[in-house]
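Colleague: what shape does this take:
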Amino acid sequence: MKKTILAALLPAMLVAGTAQAATIYQGEDGSNVDVFGRLGFNVTNRDNNADTSKTIGQFDGRLGLGGSQTINDQMSVIGWAEYQVGAAEGKNKGHDLTARYVWAGVDMGNIGKVTVGRVASGLIMATDIADVFALSDVTLARQAGLVNGNATQVFRQDDTLQYQNSFGDFDLSAAYILGNDHMKNGYNVAARYTFDMGNAGKLAPVVAYQQNNAEDNRTDNADKYNFWAVGTRYYIGDLMLGAVYSQDKVSYTNSKDSSQDKGYELTAVYDFQNDWVVRGGYRNVENTDGDNAEYKDLTAEVQYKLTDRSSIFTSYVNRNGENGKNGQNTNIWSGWNDAKEDYYHLGLRYEF
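Modeller: Below is the predicted model:
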């Protein structure tokens, strides 16, 4: 029997990277080893060079390994390592294996989970509302890397000590981000409550907040980074609707104005339960006093499921924004995110 959209997109687990992993070893004491892999190839006219518009191919690969070891009937040691894998052997130049998540921790059952490392932040409960497309770029908290350089996304950053737990229909995540070469410290918190409304469906509102404090005496005079978001998902039958509003801001110790993003995103996903899934969304993000970029995107996507784990995706993105300008900040995103140019995507994805 096929999983419903609710079961597939609202997992009980808060720890990303393990929900789709396959168990390759199961001990008598409950210990296990899991593996996850994703291989795919994408064709798109979305190029890294904003001055050109040509069809390119790109390999997409991920590999994850982890599991748990039983301490007693209530506790276990857990860990996960997941990497982005490059395929262009002659052009990798040392960047063919990039860490997405690398963490270890303790699962204490009803007491919750404590993990440390490059974790899947609880903020993903908010960012996932918008991140539903096969070739999407997450704009929520896009300025996080200006203060914490190792934050590829706000929900993937090093040196994080995190606590997560679910209390019935209430999911909670809180984290402290230790100091590193990029910043002094930081913290975040996120919460979600799922209302079961019977035949009227389910509503899952989310709130999230993060602050990163920059190191003193930085040459760019960055002081701190703040991000907050409020949003919800609504599920009824095979339909999922999402809406999220967010703001993030980089402030400075000198007279430089704070760079601030404000934006909202709307998404819809419908699973026909006959191997077809359609998705649509609208995004509106505007920056002031930073790169002054604007992203106003309409996205349409169709997925055909070849198997339960493998699919073909095709999508088209209509963009009517403005590219960032080199003003008080350097342009936050490269030409890969040209805000003016429409693009299409065709991809094959295989997961194991």
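
Colleague: wait, His345 touches Phe41, no?
Modeller: No. Proximity of His345 to Phe41 does not meet the contact threshold set by C-beta atoms under 8 Å, at 11.3 Å. Using the backbone N, CA and C atoms, a C-beta is placed for each residue, glycine as well.

Colleague: who has more neighbours out of the two?
Modeller: Using other C-beta atoms under 10 Å, the more surrounded residue of His345 and Phe41 is His345, with 21 against 15.

Colleague: what helix or strand is the more buried one located in?
Modeller: strand 343-351 (DSSP states H and E).

Colleague: distance from the chain centre to that strand, please.
Modeller: Its chain's C-alpha centre and that of strand 343-351 lie 18 Å apart, by C-alpha atoms, centre = their mean, to the nearest Å.

Colleague: excluding its backbone neighbours, what's nearest Arg349?
Modeller: Gly40 (3.9 Å; C-beta to C-beta, 6 or more residues apart in numbering).

Colleague: beta partners for that neighbour?
Modeller: Gly40 forms beta bridges with Asp60, Arg349, as assigned by DSSP bridges.

Colleague: tell me who's in contact with Asn165.
Modeller: Asn110, Ile111, Gly112, Lys113, Asp171, Leu172 (C-beta atoms under 8 Å, 6 or more residues apart in numbering).

Colleague: going through these, which ones are buried?
Modeller: Among these, those classed as buried by 16 or more other C-beta atoms under 10 Å are Gly112, Lys113, Asp171, Leu172.

Colleague: so the last one bridges to which residues?
Modeller: On the basis of DSSP bridges, Leu172 is bridged to Asn165, Ala191.

Colleague: quick one: it and Ala191 touch, right?
Modeller: Yes. Using C-beta under 8 Å, Leu172 is in contact with Ala191, at 5.2 Å.

Colleague: picking up where we left off before, I'd like to know how many residues surround the residue nearest to Arg349.
Modeller: 19.

Colleague: list the contacts of it.
Modeller: Phe59, Asp60, Gly61, Gly347, Leu348, Arg349, Tyr350.

Colleague: I figured the first one hits Arg38, correct?
Modeller: No. Judged on C-beta under 8 Å, Phe59 makes no contact with Arg38 at a distance of 10.9 Å.

Colleague: same list (the buried ones among the contacts of Asn165) but as a markdown table, adding pLDDT and distance to Asp34.
Modeller: What follows is the buried ones among the contacts of Asn165, written out as a markdown table (pLDDT from 0 to 100; distance: C-beta to C-beta, whole Å):
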| residue | pLDDT | distance to Asp34 |
| --- | --- | --- |
| Gly112 | 96 | 20 |
| Lys113 | 96 | 15 |
| Asp171 | 97 | 22 |
| Leu172 | 97 | 24 |
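
Colleague: since that was my last question, I'll sign off now.
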